[in-house]
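Asks: Sequence and predicted model, in that order:
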Amino acid sequence: MNGYTGAGLGVGMFLIFALIYLCMIALMLWVGYLVIRTAVKNGILRADAERAARYTAASVGPPSGGPAGPPAPPVR
């Protein structure tokens, strides 16, 4: 029996654990990407809804407190 059996097992275990380690990092990056993508999508949708509500309310007319403001200067 030779003395290289343990060394081969050590290298094999190292490769398996290195592969598992890299897969875990890839999984964490992918889940982080999905979380950030969802957060950005929800933020954009919420901003669009708020913007639409603001312009819908602004198009109804000025509040009952008086005129909205000074008129815009003429465009040349």
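Replies: Thanks, I have the structure now. Residues are numbered from 1 along each chain as shown.
Asks: Point out where this protein drops to low pLDDT.
Replies: 1-7, 57-69 (pLDDT under 70).
Asks: if you set the cut-off to 80 instead, what comes out?
Replies: Within the chain, the stretches with pLDDT under 80 are 1-9, 55-76.
Asks: For it, which residue occupies the most central location?
Replies: residue 36 (2.2 Å; C-alpha atoms, centre = their mean).
Asks: Run through the neighbouring helices and strands of the helix or strand harbouring that residue.
Replies: Element membership for residue 36, per DSSP states H and E: helix 5-60. Counting contacts by 3 or more C-beta pairs under 8 Å, 6 or more residues apart in numbering; DSSP states H and E, helix 5-60 packs against no other helix or strand. For glycine as for every other residue, the C-beta is placed from the backbone atoms N, C-alpha and C.
Asks: Around residue 28, count how many other residues there are.
Replies: 10 (other C-beta atoms under 10 Å).
Asks: I should have written residue 30 there, sorry.
Replies: Residue 30, neighbours per other C-beta under 10 Å, totals 10.
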